[in-house]
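>>> Here you go, sequence then predicted model.
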Amino acid sequence: MELVVRKNELLRELQLFQGIVERKNTIPILANVLLEAKGDEVRMLATDLEVALRSRCQAAVAKSGSLTLPAKKLYEIVKALPETDVRIEQDRNGVKVAADRFDSRMQTLPREDFPTLPEVSGTSRATLPRAAVREMVAKTQYAITGEDTRYFLNGAKFLLRPQSLTLVATDGHRLALVDVQHETGVTQEVGVILPKKTLLELGKLLSEGEGDIQFESGENHLFFEVGGRVLISRMIDGQFPAYERVIPKGNDKTIEFDRERLTSAVKRVALLSNERSRAVKFEVDKGKVEVTSSSSEFGEAHEQLPVEYSGPALTISFNAQYVLDFLNVVETDIVSLSLKDDVSQAVMKPVGAQGYDYTYVIMPMRI
């Protein structure tokens, strides 16, 4: 194999593979990226057997072929090169990576050892709005646990209906749910569990570019086609919790906050909270909410927020980080907090959000 490719184009694609490959892997080939040169392009593929990414970029191919190279080292070398063309050439002694006056020789692993991955079949595809999916991923991925023994909680439930999309994630302590009304093109409901890593990598792909994305559900794999790149993911096999039952219907006490003001208050007060529990109290009374914290080690803090509220007094405690996770991804100026009592789950929502419905359920803490 022999080709020449622009440094910036190759670097952009190699950067996207860095989150896919694993540094510590018992299967050495999974640390490599597969390069396949043919025609006027080089196609690239990396996988950890759970998530994979296919990509490509323009190249002057002098000799077609395929090979594998260490993904992280190749990225580091290309990143350090001057702004010029990169030459990649394979011979009996390895693979030569060169540019300008720089020359290097990298070790390769056999192409035959690289796992075979499914291709997009082109059937039962759905067209999804890029901006909406990007919002859905950003507003739910933080609520996924990464280490739960209940494997199905290590991902988010993705529901595709003819007229809507839903993404929901929970770790058992809080739940984030986003609904978007959009004509998808599917004729019947599709429900799958996406791994946390898939959502993380999908979020990166959606952060740049324009145009709708294509989604396809295979027998065991899911495909997201985003601007010429294809993210391939294994489905998580399991029964996702019946999340509809978790969303309370009887929360009759609603308080609206200025988002930035509430964010600042929780951040400040949490500085003196118990480092293990991270608990902050919301002491709700007529016309005000006092956010307080205390710890035997550091002391105590409180901050009063004026609000429009005339209901009964109520005190409820939350994990400060859980509250901040929600506030950090909401764009609206005003957010609402709906309560029933001091022991039932609360609901936070953005007020006046356009294009999506966002519900955040958070369990209170007993301290």
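Noted; the coordinates are in hand.
>>> On the three-state scheme, Val343 is what?
Classification of Val343 using DSSP: H, G, I helix; E, B strand; the rest coil returns coil.
>>> er, Lys197 actually
Under three-state DSSP, Lys197 comes out as helix.
>>> Low-confidence stretches in the chain?
Within the chain, the stretches with pLDDT under 70 are 122-124, 146-149.
>>> Pop the domain breakdown of it in here.
Residue ranges for the domains of the chain, per automatic domain parsing: 2-113, 127-244, 247-362.
>>> Can you tell me which of these is nearest to Ser121?
For Ser121, the closest of these is domain 127-244, at 6.8 Å, according to Cβ to Cβ. Where you see a C-beta, it was placed from the backbone N, CA and C, and this is true even at glycine.
>>> May I have the distance across that closest one, first residue to last?
Domain 127-244 has its terminal residues 26 Å apart, counting by Cα to Cα, to the nearest Å.
>>> Stretch 38-51 too?
Taking Cα to Cα, stretch 38-51 runs 25 Å from one end to the other.
>>> got the buried residues for it?
For stretch 38-51, burial by neighbour count (16 or more other Cβ atoms under 10 Å) applies to 41-48, 51.
>>> In JSON lines, list the domains of the chain along with distance to Glu119.
Converted to JSON lines, the domains of the chain look like this (distance: least, Cβ to Cβ, whole Å):
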{"stretch": "domain 2-113", "distance to Glu119": "9"}
{"stretch": "domain 127-244", "distance to Glu119": "9"}
{"stretch": "domain 247-362", "distance to Glu119": "32"}
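>>> who wins for proximity to Val120 among these?
Val120 sits nearest to domain 127-244 of all the domains of the chain, at 4.9 Å, using Cβ to Cβ.
>>> From the centroid of this structure, which residue is nearest?
Central residue of the chain (Cα atoms, centre = their mean): Leu200, 2.9 Å from the mean position.
>>> Send me the strand or helix carrying that residue as PDB with only the CA atoms.
Using DSSP states H and E, Leu200 sits in helix 196-206. Below are the C-alpha coordinates for helix 196-206, written out as PDB (Å, rounded to 0.1, in the frame of the first residue of the first chain):
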ATOM      1  CA  LYS A 196     -22.900   5.000  27.200                       C
ATOM      2  CA  LYS A 197     -19.800   5.000  25.000                       C
ATOM      3  CA  THR A 198     -21.900   5.100  21.900                       C
ATOM      4  CA  LEU A 199     -23.700   8.200  23.100                       C
ATOM      5  CA  LEU A 200     -20.400   9.800  24.000                       C
ATOM      6  CA  GLU A 201     -18.900   9.200  20.500                       C
ATOM      7  CA  LEU A 202     -22.200  10.100  18.800                       C
ATOM      8  CA  GLY A 203     -22.100  13.400  20.600                       C
ATOM      9  CA  LYS A 204     -18.600  14.100  19.200                       C
ATOM     10  CA  LEU A 205     -19.700  13.300  15.600                       C
ATOM     11  CA  LEU A 206     -22.800  15.600  15.900                       C
END
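>>> Quick one: list the elements packing against the helix or strand following it.
Following helix 196-206 in sequence order, the next helix or strand is strand 213-217 (DSSP H and E). Strand 213-217 makes packing contacts with strand 125-128, strand 221-226 when contacts are defined by 3 or more Cβ pairs under 8 Å, 6 or more residues apart in numbering; DSSP states H and E.
>>> Compare the ones you listed and give me the one nearest Ile247.
Nearest of the helices and strands packed on strand 213-217 to Ile247, taken as Cβ to Cβ: strand 125-128 at 23.9 Å.
>>> Need the residues that contact the closest one.
160, 165, 182, 184-186, 190, 212-216 (Cβ atoms under 8 Å, 6 or more residues apart in numbering).
>>> Looking at these, which one is closest to Lys249?
Using Cβ to Cβ, Leu165 comes nearest to Lys249 of the contacts of strand 125-128, at 23.0 Å.
>>> Show the contacting residues for the closest residue to the closest one other than its chain neighbours.
Of all residues beyond its chain neighbours, the one nearest Leu165 is Val180 (4.7 Å), with distances taken as Cβ to Cβ, 6 or more residues apart in numbering. Neighbouring residues of Val180 by Cβ under 8 Å, 6+ apart: 129, 132, 135-136, 164-166, 355-357.
>>> Just give the strands next to whichever strand or helix holds Val180 in its sheet, each with its orientation.
Assigned by DSSP H and E, Val180 belongs to strand 174-181. Using DSSP bridges, strand 174-181 pairs in its sheet with strand 164-170 (antiparallel), strand 357-362 (antiparallel).
>>> Tally up the residues packed near the closest residue to Leu272 other than its chain neighbours, please.
Spatially, and ignoring its direct neighbours in sequence, Leu272 is nearest to Ala301 (4.2 Å; Cβ to Cβ, 6+ apart). By other Cβ atoms under 10 Å, the residues close to Ala301 number 18.
>>> Perfect, that will be all.
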